[in-house]
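> sequence first, then the predicted structure:
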Amino acid sequence: MSNLMIAIMATLAYFLTYGGNWLFGQCMIERPIVVGMVTGLFLGDMKTGITIGAALEAIYMGAVNIGGATSAEPVSATVMSVTFAITAGLSFEQAVTLAVPVGLIFNSLGKIFILVSNFFAPAYLKICERGDGKALTRLILAAWFTMYAIRSVIIFCCIYMGVDAVQLFIAAIPERIMNGLNVSAGMLAAIGMAMLMKMLISKENIVFFFLGFVLYTYLNLPAIPIAIIAIVLAVVIGVIDKSILDTKALAVKGGAAGVSEEEEFFG
């Protein structure tokens with residue numbers, strides 16, 4: 001596959017996942033595991049795409065963007081990591097390590113895209129003053145396409161001009177540095193999971209983390225059976241909680257029905 005075709009396929013994967021996610025109401029197709037799968041599919045190696053996407057999902061899972069404060073842009077990181085892993089011969093560890101600086105760089109470019117979106121503000125105001133719903137829909141689609149087309153052009157240029165450069169760069173890196181990158185790639189996923197656990201863990205659910213640890217470490221169960229057990233426990237706990245809430249609601253309703261208006265007023 002030529003560099004031009006590689007860049008086109010990778011750019012298409014980026015546009016469909018990132019742009020499509022926000023076109024349909026943030027349907028989460030911009031998550032690394034989905035982006036990696038789509039990029040791998042377009043480049044003819046879905047297995048590599050899913051493997052790298054899953055690793056990056058573990059890294060970025062604990063990174064939560066609140067308002068205008070964003071930590072990284074995982075879509076570009078995933079697309080470029082998977083693309084260079086498939087076409088430039090990067091190992092799994094090298095591709096995962098590459099994703100971190102790429103995500104940070106493209107996140108810093110987000111301010112530029114915000115400035116671009118401001119150019120559409122006067123048109124939005126005029127259309128809203130007229131109350132033209134159809135024109136507003138067309139403008140929203142035009143603004144959406146413009147924003148993600150610009151992003152996609154940047155991705156295209158980086159990949160088209162970067163495939164050969166990445167191959168030469170990787171070949172020139174000393175072995176000691178490559179070993180360090182391999183080690184750091186293994187640590188990144190652990191850091192991402194630690195960030196997620198820091199947000200989720202509490203005295204109520206910590207017992208479930210220990211249960212998963214015991215099932216994996218001492219009973220040697222793979223991830224899928226552990227996930228099935230977790231789903232069963234979640235459903236059972238949800239059913240029990242619902243029955244408790246229904247019982248409390250009936251008790252409150254029954255108690256309120258037995259109180260007269262005078263008692264309720266003076267009480």
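Good, I have the coordinates.

> any idea how far the helix or strand where residue 115 lies is from the chain center?
Assigned by DSSP states H and E, residue 115 belongs to helix 110-118. The chain centroid and the centroid of helix 110-118 are separated by 21 Å under CA atoms, centre = their mean, to the nearest Å.

> what helices or strands is that helix leaning on?
On a contact count with 3 or more CB pairs under 8 Å, 6 or more residues apart in numbering; DSSP states H and E, helix 110-118 meets helix 133-172. C-beta: built from backbone N, CA, C; applies to glycine.

> angle of the helix it packs on against helix 110-118?
Angle of helix 133-172 versus helix 110-118, following axes from the mean of the first three to the mean of the last three CA atoms, to 10 degrees, is 160 degrees.

> packing partners for helix 133-172?
Using 3+ CB pairs under 8 Å, 6+ apart as the contact test, the elements touching helix 133-172 are helix 3-14, helix 20-23, helix 74-87, helix 110-118, helix 121-130.

> what are the buried residues along that helix?
139, 143-144, 147-148, 151-152, 154-156, 158-160, 162-163, 166, 170 (16 or more other CB atoms under 10 Å).

> and residue 233, what is it in contact with?
Counting by CB atoms under 8 Å, 6 or more residues apart in numbering, residue 233 makes contact with residue 208.

> any idea how far residue 246 is from it?
In this view, residue 233 and residue 246 are 20 Å apart by CB to CB, to the nearest Å.

> give me the three-state assignment for residue 89.
At residue 89, secondary structure determined by DSSP: H, G, I helix; E, B strand; the rest coil is coil.

> what's the domain layout of this protein?
Structural domains annotated on the chain: 3-200, 202-258, as defined by automatic domain parsing.

> measure the first one end to end?
Start and end residues of domain 3-200 are separated by 43 Å (CA to CA, to the nearest Å).

> surely residue 158 touches residue 79?
No. In this structure residue 158 lies outside contact range of residue 79 using CB atoms under 8 Å: 9.5 Å.
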